[in-house]
Structure formats: structure tokens, C-alpha cells
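# Whatever this is, show me its structure:
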Amino acid sequence: MTTTTTWTDDELDRIEQAEELDIASLRRSGTLSSRRTIWVVRVGDDIYVRSVYGPGSDWYRGTRARHEGRIEAEGVTKDVSFVDVADEIDDEEINEAVDASYRRKYAHYAASIIEAITSDTASSTTLRLLPR
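Numbering: from 1, shown residues only. So this is what the prediction gives:
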């Protein structure tokens, strides 16, 4: 498989339009875990996900093993790397932009759900998805 480090415009648009994304992490053995369906947002030319239940969530814990996996949304299937936003210099700025994207995209859901996905607990799990 060819390695890429950026999303195409078509991939960004399709993933942005997806209500949900299926995500599977790569286990230490090299096999994929079971897929989980989660919310996804786009900020500029980047794709982000986070765990509404925080770092204890099964799918999120799975990303810790190899920081790699596969996503599927709106006809886009891609092997990705999981990059911890908390490790980036501008993590607070990124998380604010991700919060705004979640609020905008999922505004049709109950306020309590939006508060959960934009909470400090959820924000601590923000991952940037990089195609590989």
C-alpha cells in the first residue's frame, strides 16, 4: 500500500459529511480490532475523533497499542495513524477548534450529548487521524 500523509479533498469532504465513522485499531499482533462507530469532525485539512467516555473507552484504549488502525466513512476506507493532540504544542487551540466543530456538526443532538463530547474528559482523548 502506498503511504500518504495528507487527505485528498474528496476524502476530507466525504468524511466531513459522514454522520459517523467506523474505526478499528491495529492490535500488537497486527490484526484489526472490532470496528466501533463514533463521531468525527473536520478542522481545516485535518480529521479528528475523540472518546465521549474518555480514556477508559475500549476503542480508545485500543489505539494505544500501535497508534494505527483503519477508518471507514462515506465510502472512504483508509489506514491511519492516531496522533495524540495532547502531545502537540498547540493542543488547547486545536481542542477549541475541535469543540466548535462538534458543536456545529452535531447541534441537532441534545445539549447534554454535545457537552459530553466537548468535556475535558473527552478532549483529553482527541486524536488527529493521519492517512498512511
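
# Quick check: D10 is in a helix.
Yes. Read with DSSP: H, G, I helix; E, B strand; the rest coil, D10 is one of the residues of a helix.

# What score does it have for pLDDT?
In this model, D10 is scored at 97, pLDDT.

# list the contacts for the residue nearest to the spatial centre of the chain?
Nearest to the mean C-alpha position of the chain, counting by C-alpha atoms, centre = their mean, stands V49 at 2.1 Å. Residues in contact with V49 (C-beta atoms under 8 Å, 6 or more residues apart in numbering) are 21, 23, 38-41, 126-127, 129. Just so you know, the C-beta spots here come from the backbone N, C-alpha and C atoms, and that holds for glycine as well.

# Look up which residues are beta-bridged to it.
When bridges are called by DSSP bridges, V49 pairs up with L127.

# In strands, which of the contacts of V49 appear?
With strands defined by DSSP state E, the entries of the contacts of V49 inside them are 21, 23, 38, 41, 127, 129.

# Format the residues you listed as TSV; extra columns: pLDDT, distance to I117 and neighbour count.
What follows is these, written out as TSV (pLDDT from 0 to 100; distance: C-beta to C-beta, whole Å; neighbours: other C-beta atoms under 10 Å):
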residue	pLDDT	distance to I117	neighbour count
L21	97	13	21
I23	98	15	26
I38	98	10	19
V41	98	9	24
L127	97	13	23
L129	98	16	21
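
# will you turn those residues into a markdown table that also has distance to T31?
Listed next are the ones in strands among the contacts of V49 as a markdown table, based on distance: C-beta to C-beta, whole Å:
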| residue | distance to T31 |
| --- | --- |
| L21 | 20 |
| I23 | 15 |
| I38 | 20 |
| V41 | 28 |
| L127 | 20 |
| L129 | 20 |
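
# Pull out the buried positions in the longest helix belonging to the chain.
Longest helix in the chain by number of residues (criterion: DSSP state H): helix 91-105. Of all the residues in helix 91-105, those buried under the rule 16 or more other C-beta atoms under 10 Å are 94-95, 97-99, 101-103, 105.
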